[in-house]
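**Q** Any chance you can model this:
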Amino acid sequence: MDRFSERHLSPGEGESLLTNSALYREYLEEREEILRHKWLESEKRGRDIGFEKALLDWVLHHRAAWREQRHHE
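**A** Prediction:
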């Protein structure tokens with residue numbers, strides 16, 4: 001197999017790599033924070049603000065502090 005050939009992972013292999021990935025775990029934790037932010041902001045406004053608005057607001061106003069706090073723990 002040369003370096004350009006594709007190596008196909010079995011479903012179990014791919015799942016294991018994904019769930020053990022630090023990047024994937026960080027993504028899941030960040031997504032949970034965004035969903036929490038969406039819920040809180042929706043409650044404040046009395047209506048669902050939607051995921052995209054919550055994502056943008058969270059990234060602009062909270063992501064840097066969240067990452068800073070995470071990396072200090």
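
**Q** can you pull out the helices in the chain?
**A** Assigned by DSSP state H, the helices in the chain fall at 11-19, 22-45, 51-61, 63-72.

**Q** Kindly report which one of these carries the lowest mean pLDDT.
**A** Across those, helix 11-19 has the smallest mean pLDDT, namely a mean of 67.

**Q** rewinding a little: in CSV, list the helices of the chain along with mean neighbour count.
**A** To be clear about C-beta, it is placed using only N, CA and C from the backbone, and glycine gets the same treatment. Below are those laid out as CSV (neighbours: other C-beta atoms under 10 Å):
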stretch, mean neighbour count
helix 11-19, 10
helix 22-45, 13
helix 51-61, 14
helix 63-72, 10
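
**Q** which one is residue 51 nearest to, not counting chain neighbours?
**A** residue 38 (6.1 Å; C-beta to C-beta, 6 or more residues apart in numbering).

**Q** That neighbour touches residue 52, doesn't it?
**A** No. Here residue 38 does not reach residue 52: they are 9.6 Å apart, not a contact under C-beta atoms under 8 Å.

**Q** center of this structure, which residue is that?
**A** Taking C-alpha atoms, centre = their mean, the centroid of the chain lies closest to residue 27, which sits 2.8 Å from it.

**Q** measure that one to residue 45 for me?
**A** 27 Å (C-beta to C-beta, to the nearest Å).
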